[in-house]
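In: quick one, fold the following:
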Amino acid sequence: MTGVSGSGLLQPGYYPAGQSALIVEVPEAEPLVAPWRRTYDQTAAAGIPAHLTVLVPFLDAGAQGRPGSVDERVMAELRALFAAHPAFALTFRTLRRFPDVLYLDPEPAEPLRALTTEVVERWPDTPPYGGQFTQIVPHLTVAHTQESDVLDAAEADVSAHLPLVAQATAVSLFASDGTRWQRRAVFPLSAS
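Out: The predicted structure follows:
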């Protein structure tokens, strides 16, 4: 597989305190995916809402009184970078799979890739998923498990409620304290 292997990279305790992530929150998907994510996606239990990842890991956000790299200058640069991108509508019509992940496939995916590309061009020492994958596949994780019967059941349940339409209006910065993830900032996309 050349894409990301789901949200296993955001499991509680996986990243040290101070690790950060840039995500597009998708609240419209919560009612549909929350029952599955609560049980089969550890990121939900760790405080990450239904989302599309823009970049993880990002810069060290600091923790427990320790300063990090995400300072006021970085925050201002993120604010300006994301404000230069227009908000966009997303439609989730289909579910797809990585070997152990069931996910909603966003359409269009290109605006998400463009956000990732621009952040990585600005901060080249932060490759997506630590450089672990050669291709970035935007996705919204529904369930992450090796049990194919669970993925089959989740797919049958969720697909009955598609298509799902959502609006990408901002990128959120989340940071880990080593166990839970907290929203640190929200950077609006352009309204025009």
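In: wait, a strand at P49?
Out: No: going by DSSP: H, G, I helix; E, B strand; the rest coil, the assignment for P49 is coil, not a strand.
In: contacts for stretch 154-172 next, please.
Out: Outside of stretch 154-172, the residues within contact range by C-beta atoms under 8 Å, 6 or more residues apart in numbering are 22-29, 32-33, 36, 40, 51-52, 54, 78, 82, 87-95, 102, 104, 111-112, 115, 142-143, 183, 185-189. For the C-beta atoms, the positions are set from N, CA and C on the backbone; glycine is no exception.
In: quick check: buried residues in it?
Out: A154, E155, V158, L164, A166, A168, T169, A170, V171, S172 (16 or more other C-beta atoms under 10 Å).
In: likewise for stretch 118-138?
Out: Buried residues in stretch 118-138 (16+ other C-beta under 10 Å): E118, V119, V120, W123, T126, P128, F133, I136, V137, P138.
In: likewise for stretch 26-41?
Out: V26, A29, L32, V33, P35, W36, R37, Y40, D41.
In: ok, residues contacting that stretch?
Out: 7, 43-45, 49-52, 90, 92, 102, 104, 140-145, 150, 154, 157-158, 161, 164-168.
In: which of those residues fall in strands?
Out: If you go by DSSP state E, the contacts of stretch 26-41 have 51-52, 90, 92, 102, 104, 140-144, 164-168 in strands.
In: the residues you listed: which two are farthest apart?
Out: Greatest spatial distance among the ones in strands among the contacts of stretch 26-41 (C-beta to C-beta): H144 and Q167, at 25.0 Å.
In: what's the end-to-end length of stretch 55-70?
Out: End-to-end distance for stretch 55-70, by C-alpha to C-alpha, to the nearest Å: 14 Å.
In: so which bits of that stretch are buried?
Out: Neighbour-count burial for stretch 55-70 [16+ other C-beta under 10 Å]: L55, V56, P57, F58, L59, D60, A61, G62, A63, G68, S69, V70.
In: so which bits of the helix or strand of the chain with the lowest mean pLDDT are buried?
Out: Within the chain, no helix or strand scores below helix 42-45, which has a mean of 88 by mean pLDDT, DSSP states H and E. Using 16+ other C-beta under 10 Å as the test for burial, helix 42-45 gives Q42, T43, A44.
In: can you list those residues in a markdown table and add distance to V74?
Out: Shown next, in a markdown table, are the buried residues of helix 42-45 (distance: C-beta to C-beta, whole Å):
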| residue | distance to V74 |
| --- | --- |
| Q42 | 27 |
| T43 | 23 |
| A44 | 27 |
